[in-house]
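Undergrad: Model the following, please.
(chains A, B, C and D)
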2 protein chains.
Amino acid sequence: MNTAPDKKNNSVTESSLNSLFQYFNGLLPLKEKEREELRTRVKERKIRRKHYLLQHDDLCKHYTFIITGCFRMFSVDQKGTEHNLQFAAENDWITDMGSFYSGKPSQLYIEAIEPSHILQIEKGDLLFLYSHFSRVNRNFRVIIEIKFVELQNRLLQNISSTVEERYIYFLEHYPHLSHRLPSTQIASYLGVTPEFLSKVRKGMASKA
Amino acid sequence: MNTAPDKKNNSVTESSLNSLFQYFNGLLPLKEKEREELRTRVKERKIRRKHYLLQHDDLCKHYTFIITGCFRMFSVDQKGTEHNLQFAAENDWITDMGSFYSGKPSQLYIEAIEPSHILQIEKGDLLFLYSHFSRVNRNFRVIIEIKFVELQNRLLQNISSTVEERYIYFLEHYPHLSHRLPSTQIASYLGVTPEFLSKVRKGMASKA
DNA sequence: AGCGATTCTTAAACTAGATTAAGGGTAGTT
DNA sequence: AACTACCCTTAATCTAGTTTAAGAATCGCT
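TA: Model (predicted):
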C-alpha cells in the first residue's frame, strides 16, 4: 500500500512501530537500544477477514500485537461447537501461550473477525530479548499479570454469576468490542447459546 | 520449633529454603548470589488450619510459597456464598495477584485448609529482585505463564464441558488435592452445589 | 467416650439454560 | 433483482443444575 521508504531493510513501517512503542509507554517505556532491537525483530502483516493466524495442530510461533482489527481465539469441541476463549483488538496481544512456550501443537484457532493489521515477534527473538533486556522481560511479565487477573475475574464470574450479569459486565468492560461483534460471538464467549442470549437481551430491554 | 542455629540472622530454616531452591531448579535454577538475596528477603511462617492469609479489604502484600499444607483462595458473593478460585498445596504459590500488583484492597480470601508451613516474600523485595536479577524476573514470568495456561484451560472447560467432565478432569489432574479436600470444597471450585456434585458422583459410581 | 461441628447423601419441586425448529432481517455478490 | 450466507429472534419442549429440607455419617476435640 504505502510506498514511502523506511529507514530499515525490513518492511516494518514507522507508524506501526510507534503504535507498539506507545503501548509500552503505558507500561515500562523502552530505551532506544531496546526499540532498535525490537524494530529489527518484528514482522508486519495484514490479515483478511475470516483468515486464520493459527489453526488446530499448528505450532504457535508468534506473539501477535494488533495495530488495527480484531481477532478471536476459540476451541472446537467433539460436537464441532466453537467456544470463544478470547477477543483481542487494537493495542492488545494475542497468542496461544500454551503452544508458544511448550512448543506443542495448538488445540486452538485464532481467526480475524475484521481485516487486521498486526506486528508479530517470533519465539526465538522474544527469548533473545528476554535474556538481554530485562525491561522487555518485565514488560511481558506485566502483560501476562494483567491478562491473568482479567482471566481470573472472568472465571469467577463464570462460577458465580448469571448470564445476564456476565453479559452486562462484558458490555461495560469491553464497549469497544461489544458494538462490533455479532452477538452470536459474544454468546460463545459467555458460554451460552445465541438463543439464550437473545432471550436475556429481550428481558433486559423490557426491564429498562 | 527447631532450635538449630541458622547461618543468617533471620529465622528461615535451611530446609525450607531448600524446598524453594529445589522448586526453582525445575524452572531456571538460581545462582548462588540470587539464593543469598532470596535468603535474606524471605520470611517463614506456620499457619493453623482455618486461619487466613488474606481477608477481604486487606492489601495482598506477599507472594506465598507453600512448603507443606494446603490453601484455598475464594470470593464471597452478595448472597454470602463462597466460590473457590484456586487451591494450592506443596511447591506451589498463592497470592491475589490483582491486589498485589495494583496495591488495591483485595476482594478475596486465602484460608489454610490444613496446618501449613510457608515462605513469604514482600512486594518491595520481589520488585527489588526483579530489577536486579533477571533470572528471578524470568522465573516469575514463567510461573505466571504456567498458571495462565492452567486457568485458560479451566475457563474453557467451564464454558464447554459438563460438571461430570470437569470433575473427572479435576480428579485426574489434581490427585494430590482431590483426596484431601472435602467434596464440598471441590464443588465450589467446579462452580456447582455440593448436592449436585454428590449426584454426579453417584452417577459415576453406578456406571463403573 | 461423647459432643458439636462439619460433611455427605437423598429426594422432591423448581429454574436457568439447552435444544430443536421455524421464520424474518440484513448484507454482500453476481 | 435475486441468491446466498449469515444473523437475530421466538416459542415449545427438554435437561442440567439449584433449592430446600431432612437425616445419616464422619471428624476433631476435650
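Undergrad: Quick one: distance of whatever helix or strand A:L127 lives in to the chain centre.
TA: Using DSSP states H and E, A:L127 falls within helix A:123-132. Averaging C-alpha positions (CA atoms, centre = their mean, to the nearest Å) puts helix A:123-132 20 Å from its chain's average.
Undergrad: Ok, stretch A:29-37 next?
TA: Distance of stretch A:29-37 from its chain centroid, counting by CA atoms, centre = their mean, is 23 Å.
Undergrad: Any buried residues in it, and which?
TA: For stretch A:29-37, the neighbour count (16 or more other CB atoms under 10 Å in any protein chain shown) marks A:30, A:34, A:37 as buried. Where you see a C-beta, it was placed from the backbone N, CA and C, and this is true even at glycine.
Undergrad: ok, now stretch A:99-119?
TA: Buried residues in stretch A:99-119, counting neighbours by 16+ other CB under 10 Å, are found at A:99-101, A:106, A:108-114, A:116-119.
Undergrad: cool, stretch A:40-49 as well?
TA: By 16+ other CB under 10 Å, the buried positions in stretch A:40-49 come out as A:41-42, A:47.
Undergrad: ditto for stretch A:157-173
TA: Buried, per 16+ other CB under 10 Å, within stretch A:157-173: A:157-160, A:163-164, A:166-167, A:170.
Undergrad: bridging residues for A:I66?
TA: Bridge pairing for A:I66 (DSSP bridges) gives the partners A:I118.
Undergrad: would CSV of the buried residues of stretch A:29-37 with secondary structure be doable?
TA: Below are the buried residues of stretch A:29-37 laid out as CSV (DSSP: H, G, I helix; E, B strand; the rest coil):
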residue, secondary structure
A:L30, coil
A:E34, helix
A:E37, helix
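Undergrad: could those residues be laid out in TSV, adding pLDDT and distance to chain B?
TA: Putting the buried residues of stretch A:29-37 into TSV (pLDDT from 0 to 100; distance: CB to the nearest CB, whole Å) gives the following:
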residue	pLDDT	distance to chain B
A:L30	97	15
A:E34	96	14
A:E37	96	15
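Undergrad: Surely A:V200 is within a helix?
TA: Yes. Assessed by three-state DSSP, A:V200 belongs to a helix.
Undergrad: That one is in contact with A:V163, isn't it?
TA: Yes. Judged on CB atoms under 8 Å, A:V200 makes contact with A:V163 at a distance of 5.5 Å.
Undergrad: Find residues that contact each of these two.
TA: In terms of CB atoms under 8 Å, 6 or more residues apart in numbering or on different chains, A:V200 and A:V163 are both contacted by the residues A:V192.
Undergrad: can you pull the pLDDT of the residue nearest to A:P105 when sequence neighbours are not counted?
TA: Excluding the flanking residues, the one nearest A:P105 by CB to CB, 6 or more residues apart in numbering or on different chains is A:D57, at 4.7 Å. On the pLDDT scale, A:D57 is placed at 96.
Undergrad: on that earlier part again, the buried residues of stretch A:99-119 in strands, which ones?
TA: Among those, the residues falling in strands (DSSP state E) are A:108-112, A:116-119.
Undergrad: Could you work out the most separated pair of these?
TA: Pairwise distances across these (CB to CB) peak at 21.8 Å, for the pair A:L108 and A:H117.
Undergrad: mind saving the C-alpha coords of the host helix or strand of A:F170 as PDB?
TA: Secondary structure from DSSP H and E places A:F170 in helix A:163-173. The C-alpha trace of helix A:163-173 is given here as PDB (Å, rounded to 0.1, in the frame of the first residue of the first chain):
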ATOM      1  CA  VAL A 163     -25.700 -15.000  32.200                       C
ATOM      2  CA  GLU A 164     -27.300 -11.600  32.400                       C
ATOM      3  CA  GLU A 165     -24.800 -10.400  34.900                       C
ATOM      4  CA  ARG A 166     -21.900 -11.700  32.800                       C
ATOM      5  CA  TYR A 167     -23.400 -10.000  29.700                       C
ATOM      6  CA  ILE A 168     -23.700  -6.700  31.400                       C
ATOM      7  CA  TYR A 169     -20.200  -6.900  32.700                       C
ATOM      8  CA  PHE A 170     -19.000  -7.600  29.200                       C
ATOM      9  CA  LEU A 171     -20.900  -4.700  27.700                       C
ATOM     10  CA  GLU A 172     -19.400  -2.400  30.400                       C
ATOM     11  CA  HIS A 173     -15.900  -3.600  30.200                       C
END
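Undergrad: From the contact counts, what lies against that helix?
TA: Applying 3 or more CB pairs under 8 Å, 6 or more residues apart in numbering or on different chains; DSSP states H and E, one finds that helix A:163-173 makes contact with helix A:134-160, helix A:183-190, helix A:194-207.
Undergrad: Quick one: residues contacting the nearest residue to A:K46 once chain neighbours are set aside.
TA: The shortest distance from A:K46 to any non-neighbouring residue, by CB to CB, 6+ apart, is to A:H117 (5.4 Å). Shown in contact with A:H117 (CB under 8 Å, 6+ apart): A:16, A:44-47, A:66-69.
Undergrad: Please name the bridge partners of the closest residue to A:Q55 other than its chain neighbours.
TA: Among residues not flanking A:Q55 along the chain, A:Y109 sits closest, at 5.5 Å (CB to CB, 6+ apart). A:Y109 has these beta-bridge partners by DSSP bridges: A:F74.
Undergrad: quick one: pLDDT of A:Y109?
TA: pLDDT, A:Y109: 97.
Undergrad: quick one: A:I186 from B:P29, how far?
TA: Remark: distance between A:I186 and B:P29 (CB to CB, to the nearest Å) = 45 Å.
Undergrad: no wait, A:S99
TA: Per CB to CB, A:S99 is found 25 Å from B:P29.
Undergrad: Stretch A:177-192 spans what distance, first to last residue?
TA: For stretch A:177-192, the first-to-last residue distance is 18 Å (CA to CA, to the nearest Å).
Undergrad: er, stretch A:31-48 I mean
TA: For stretch A:31-48, the end-to-end distance is 33 Å (CA to CA).
Undergrad: contacting residues around that stretch?
TA: Against stretch A:31-48 from outside (CB under 8 Å, 6+ apart): A:8, A:10-13, A:16-17, A:20-21, A:30, A:53, A:69, A:112, A:115-122, A:125, A:128-129, A:132-133, A:135-136.
Undergrad: So which bits of chain A are right by DNA strand C?
TA: Contact residues (CB under 7 Å from any atom of the strand) of chain A with DNA strand C: A:162-164, A:191-193, A:195-196.
Undergrad: which two from those end up farthest apart in space?
TA: Using CB to CB, the pair of those lying farthest apart is A:T162 and A:E195, separated by 16.2 Å.
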